[in-house]
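[1] What follows is a predicted structure for the sequence shown.
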Amino acid sequence: MNSNSNAMGTLPRMQNRRTFLNRAGMGLGGIALNEMLANASPAADRGVLGSTHFAPKAKRVIYLFMSGGPSHLDLFDYKPLLNQRHGEQLPDSVRGGQRLTGMSGNQSSIPMVGSPFKFAQHGRSGAWMSELLPHTASIADDICVVKSMFTESINHGPGVTFFQTGSQIAGRPSMGSWLSYGLGQENANLPSFVVLITKGKGGQPLGSHLWGAGFLPTKHQGVQFRAAKDPVLYLNNPAGVSTESRRMLLDRLRELHEHQFEGTPDVEIQNRIDNYEMAFRMQTSIPEVTDLSNEPQDVLDSYGPDVKTPGTFAANCLQARRLAEKGVRFIQLYHQDWDHHGGLPTALPKLCKETDQPAAALIQDLKQRGLLDDTLVVWGGEFGRTNYCQGKISTNFGRDHHPRCFSMWMAGGGVKAGSVYGETDEFGYNIASNGVPVHDLHATMMHLMGIDHERLTYKFQGRRYRLTDVEGALVKGVLA
């Protein structure tokens with residue numbers, strides 16, 4: 001036997017490691033490859049888990065993300081002491097040496113400011129809500145207000161990224177991608193993860209890394225629907241190309257990819273095939289699911305006057321309900337412009353007017369259709385706002401970023417309806433009880449979807465990663 005031969009026959013002179021491992025057949029490389037192919041098989045797109053770890057309470061998630069950091073002190077966390085001590089300096093004993101942003105950290109004075117908005121209690125829980133949220137107040141018995149969220153991030157970029165991916169550093173898979181990877185698709189004609197962004201808003205930019213798949217297979221990344229004639233870019237056929245021609249092209253392209261796969265078994269080749277096939281099916285499914293013309297007038301009216309304008313938060317909320325009905329597993333809505341360093345008394349009412357009625361209508365619409373029980377809806381931003389004024393006190397003051405405590409709300413999908421969880425101190429500056437870090441929120445959301453957050457992992461660069469990294473605990477107090 002010459003130097004270029006072995007018991008399996010003659011090897012090519014030039015052979016990369018992947019090819020060698022594949023041709024080793026029963027070797028470790030072949031075993032690992034078979035496992036990858038089994039997970040990637042389009043015939044069994046139930047995700048890598050195959051089934052949930054335990055009975056899920058929710059089948060899908062609708063995440064209403066208020067990018068910029070809504071002021072908990074002007075919406076959900078009523079603090080009359082701030083009004084009584086308006087203009088006084090924040091006591092050092094309350095601040096406790098906590099870091100401030102560069103925007104207010106150098107102020108010689110940090111005077112406390114009370115909310116200019118009236119508060120009242122609502123629902124069985126007696127949850128306090130601002131006059132800016134009359135529609136949310138009407139669903140107080142359907143939601144759980146979490147008043148004790150906190151985060152490690154004090155600036156927008158890492159803050160938003162942390163909530164979406166479980167890491168402050170961009171590049172990790174987003175939550176929707178993790179759920180798609182773990183549980184697969186419920187509807188073969190639609191993506192398992194869809195992103196909707198309110199059109200024409202300012203504030204901090206939103207990058208595609210927020211709904212990216214990171215190191216997970218690319219087919220699990222979010223698909224952005226746009227407020228345009230073509231909701232998904234490059235989906236429709238160019239002029240002069242028929243459906244039959246496109247089908248023929250894809251069939252030939254699939255054959256080429258399959259041929260490539262035989263020589264270089266790479267799971268991303270299979271993902272590419274799957275993505276092309278999904279795009280072809282979406283040419284029919286997307287126009288149908290994005291057409292609101294068949295919605296009853298009373299439903300349209302419930303979402304508010306903006307619902308007929310594509311790209312508004314109202315239109316996106318109604319779109320989210322339609323996608324939920326069609327089996328989309330994770331629906332992410334972004335609404336920007338909540339970053340009120342100044343002009344809060346005039347800007348915050350506008351933001352609430354855009355979002356309050358549609359968000360409440362979404363809960364009521366899901367409930368009326370019997371979908372709320374197995375749909376988890378989450379509302380919140382990346383952090384809260386300070387109890388002191390940024391800059392000098394004025395009638396149109398602003399608040400700086402505040403990561404130490406803020407409010408969110410959840411509804412449906414196994415959440416304890418009509419409840420309030422956690423509390424902050426009388427200054428609205430620190431958590432007084434039942435603090436909820438971001439990893440715990442993620443662990444709880446995964447639990448409601450039937451997933452043990454510690455058991456859904458992916459090996460990358462020598463270690464196993466998960467959404468909650470090495471932390472996370474179930475927040476039992478928010479569960480029904």
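    Cool, got the structure. Residues are numbered from 1 along each chain as shown.

[2] and stretch 360-367, how far out from the chain's middle?
    Stretch 360-367 sits 19 Å away from the centroid of its parent chain (CA atoms, centre = their mean, to the nearest Å).

[3] As CSV, could you dump the C-alpha coordinates of it?
    Taking Å, rounded to 0.1, in the frame of the first residue of the first chain, the C-alpha atoms of stretch 360-367 are listed here in CSV:
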residue,chain,number,x,y,z
ALA,A,360,-54.9,47.5,25.0
ALA,A,361,-56.9,46.6,21.9
LEU,A,362,-54.4,43.8,21.1
ILE,A,363,-55.0,42.2,24.5
GLN,A,364,-58.8,42.5,24.1
ASP,A,365,-58.7,41.2,20.5
LEU,A,366,-56.6,38.2,21.5
LYS,A,367,-58.9,37.6,24.5
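
[4] what mean pLDDT does that stretch have?
    Stretch 360-367 shows a mean pLDDT of 98.

[5] mind listing what's buried in the strand or helix carrying His439?
    Assigned by DSSP states H and E, His439 belongs to helix 438-448. For helix 438-448, the buried set under the neighbour-count rule, 16 or more other CB atoms under 10 Å, comprises 438-448. All C-beta spots, glycine's among them, are computed from the backbone N, C-alpha and C.

[6] Can you verify my assumption that Pro349 contacts Leu132?
    Yes - counting by CB atoms under 8 Å, Pro349 touches Leu132, with 5.6 Å between them.

[7] show me the contacts for Ile169.
    158, 161 (CB atoms under 8 Å, 6 or more residues apart in numbering).

[8] Next one: it relative to Asn434, how far apart?
    Using CB to CB, to the nearest Å, Ile169 is found at 28 Å from Asn434.

[9] All the helices of this structure, residue numbers only.
    Applying DSSP state H to the chain gives helices spanning 17-23, 28-40, 80-84, 92-95, 134-138, 156-165, 175-183, 243-263, 267-289, 297-302, 313-325, 344-368, 438-448.

[10] What are the contacting residues of the shortest one?
    Translated: helix 92-95. Contact with helix 92-95 is made by 110, 425, 427, 429-430, as judged by CB under 8 Å, 6+ apart.

[11] So which bits of it are buried?
    Neighbour counts over helix 92-95 (16+ other CB under 10 Å) mark 94-95 as buried.

[12] model confidence over that helix, on average?
    94.

[13] Could you do the first one as well?
    Looking at helix 17-23 alone, the average pLDDT works out to 52.

[14] Outline the domain layout of the chain.
    45-228+307-478, 232-289 (automatic domain parsing).

[15] Just name the most buried of these.
    Among these, domain 45-228+307-478 has the highest mean neighbour count (mean count of other CB atoms under 10 Å), at a mean of 20.

[16] quick one: the closest residue in space to Ala347 that isn't next to it in sequence from Gly102, how far?
    Leaving aside its sequence neighbours, Ala347 sits nearest to His340 (CB to CB, 6 or more residues apart in numbering; 5.3 Å). Distance from His340 to Gly102, counting by CB to CB: 17 Å.

[17] In contact with the closest residue to Gly47 other than its chain neighbours: list those residues for me.
    The spatial neighbour of Gly47 that comes closest, neighbours along the chain excluded (CB to CB, 6+ apart), is Gly184 at 3.4 Å. The neighbours of Gly184, taking CB under 8 Å, 6+ apart as the test, are 45-47, 192.

[18] let's go with 10 Å and repeat that
    39, 44-50, 192, 220, 329 (CB atoms under 10 Å, 6 or more residues apart in numbering).

[19] now Ala228
    For Ala228, the contact set (CB under 10 Å, 6+ apart) comprises 199, 310-311.

[20] JSON lines for those, including distance to Ser285 and pLDDT?
    Shown next, in JSON lines, are those (distance: CB to CB, whole Å; pLDDT from 0 to 100):
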{"residue": "Lys199", "distance to Ser285": "22", "pLDDT": "96"}
{"residue": "Pro310", "distance to Ser285": "18", "pLDDT": "94"}
{"residue": "Gly311", "distance to Ser285": "20", "pLDDT": "96"}
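
[21] now, which of those sits nearest Asp230?
    Closest approach between the contacts of Ala228 and Asp230, by CB to CB: Pro310, at 11.8 Å.

[22] Phi, psi for that closest one please.
    phi -60, psi 140 (degrees, to the nearest 10).

[23] Please look at it and Pro231 and confirm they touch.
    Yes - Pro310 is within contact range of Pro231, at 8.9 Å (criterion: CB atoms under 10 Å).

[24] overlap in contacts of these two?
    Jointly contacting Pro310 and Pro231 under the rule CB under 10 Å, 6+ apart are 290, 319.

[25] Surely Arg321 touches Gly412?
    No - the criterion here is CB under 10 Å, and Arg321 misses it with Gly412 at 11.8 Å.

[26] Mind listing the shared neighbours of those two?
    Counting by CB under 10 Å, 6+ apart, the contacts common to Arg321 and Gly412 are 62, 363, 366, 371, 375.

[27] Adding distance to Pro403, write the residues you listed out as JSON lines.
    Below are these laid out as JSON lines (distance: CB to CB, whole Å):
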{"residue": "Ile62", "distance to Pro403": "25"}
{"residue": "Ile363", "distance to Pro403": "27"}
{"residue": "Leu366", "distance to Pro403": "31"}
{"residue": "Leu371", "distance to Pro403": "33"}
{"residue": "Thr375", "distance to Pro403": "29"}
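
[28] Closest one of these to Pro287?
    Comparing these against Pro287 with CB to CB places Ile62 closest, at 21.6 Å.

[29] beta partners for that closest one?
    Bridge pairing for Ile62 (DSSP bridges) gives the partners Ile331, Val377.

[30] what's near enough to touch it?
    196, 317, 320-321, 323-324, 328, 330-333, 359, 362-363, 366, 371, 375-379, 411-413.

[31] can we see that at 6 Å?
    By CB atoms under 6 Å, 6 or more residues apart in numbering, the contact list for Ile62 reads 320, 331, 377.

[32] Could you do Pro191 as well?
    The contact partners of Pro191, taken as CB under 6 Å, 6+ apart, are Val223.

[33] Now the phi/psi pair for it, please.
    Torsion angles at Pro191 (phi, psi; degrees, to the nearest 10) stand at phi -60, psi 160.

[34] Give me the distance between it and Val328.
    Taken as CB to CB, the spacing of Pro191 relative to Val328 amounts to 7 Å.

[35] now do Tyr78
    In this view, Tyr78 and Val328 are 36 Å apart by CB to CB.

[36] now Thr136: how far from Asp298?
    In terms of CB to CB, Thr136 sits 20 Å off from Asp298.

[37] should've said Phe65
    According to CB to CB, Phe65 and Asp298 sit 28 Å apart.

[38] circling back to that earlier point, lowest-confidence stretch among the domains of the chain?
    Lowest mean pLDDT of these: domain 232-289, a mean of 77.

[39] re earlier: correct me if wrong: the residue nearest to Ala347 contacts Asp400.
    No - look at His340 against Asp400 with CB atoms under 6 Å: they stay out of range, at 9.6 Å.

[40] Among the contacts of Ile62, which one sits closest to Gly472?
    Nearest to Gly472 out of those is Val377 (CB to CB; 20.8 Å).

[41] wait, what's in contact with that closest one?
    Val377 neighbours (CB under 6 Å, 6+ apart): 62, 411-412.

[42] can you do 10 Å?
    Neighbour list for Val377: 58, 60-64, 142-143, 317, 320, 324, 331, 359, 362-363, 366, 409-413, 415 [criterion: CB under 10 Å, 6+ apart].
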